[in-house]
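Engineer: Predicted model and sequence below, questions to follow.
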Amino acid sequence: MQIRKLTHDDLPRVSALCLDAFMLAVAPSLSAQGVETFARVAAVQAFSDRMEGDNLMLVCVADGAIAGLIELKEGRHVAMLFIAPGWQRRGIGMRLMSAALEQARGEAVTVRASLSSVTAYESYGFSLAGDVGEFAGLVYQPMEKRLPATKSAN
């Protein structure tokens, strides 16, 4: 398994991976509006646009295929973390999270976790940080992970 930066050539596969994983694990609990919102965020052009900003996007390549993606926005917010359905529960999320956290800036990293992913984020060291919220049909649990003091000096 290899962790590397997302490239423009990866965009169609990453978009499809995120949509597949989302439709399987998250979409059944959301309204049509939430599914539409996510589809816009996971579109190839939306990923391409975000690549131009202060977003670290890493993929995990396993057996020649992209098995997962993490997006760290502005060095302090996990905007996306998706593992291909056939690759889940094999440590890919932990590897991606560890690689992203090495690049984190500030005292804490936050995430708006889908309700089905709260347990996974807890296993990465995140804790609840507020009440369940909703934005454009997406229901989420705010969470955060405090970074070691030596990390926040960056």
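Structural biologist: Now that the structure is in, tell me what you want to look at. It should be emphasised that the depicted structure is a prediction, and the values quoted were computed from it without experimental measurement.
Engineer: and Gly53, how many neighbours does it have?
Structural biologist: Other residues within reach of Gly53, judged by other Cβ atoms under 10 Å, total 8. For the C-beta atoms, the positions are set from N, CA and C on the backbone; glycine is no exception.
Engineer: now do Val111
Structural biologist: Val111 is flanked by 24 other residues according to other Cβ under 10 Å.
Engineer: Give me the number of neighbouring residues for the closest residue to it other than its chain neighbours.
Structural biologist: Using Cβ to Cβ, 6 or more residues apart in numbering and skipping residues adjacent in sequence, the residue nearest Val111 is Val78, 4.0 Å away. The burial count assigned to Val78 is 25, neighbours taken as other Cβ under 10 Å.
Engineer: I'd like the next helix or strand past the helix or strand where Val78 lies.
Structural biologist: Taking DSSP states H and E as the criterion, the element that holds Val78 is strand 77-83. Tracing the chain C-terminally past strand 77-83 and defining elements by DSSP H and E, one meets helix 92-101 next.
Engineer: chain center to that following helix, what's the gap?
Structural biologist: Mean C-alpha position of helix 92-101 versus that of the full chain (Cα atoms, centre = their mean, to the nearest Å) differs by 10 Å.
Engineer: Report the rounded mean pLDDT for it.
Structural biologist: Model confidence over helix 92-101, given as mean pLDDT, is 97.
Engineer: who's in contact with the strand holding Val78?
Structural biologist: If you take Cβ atoms under 8 Å, 6 or more residues apart in numbering as the criterion, strand 77-83 is touched by 17-18, 21-22, 41-42, 50, 55, 60, 67-73, 92-93, 96-97, 100, 109-111, 117.
Engineer: Many thanks, we can stop here.
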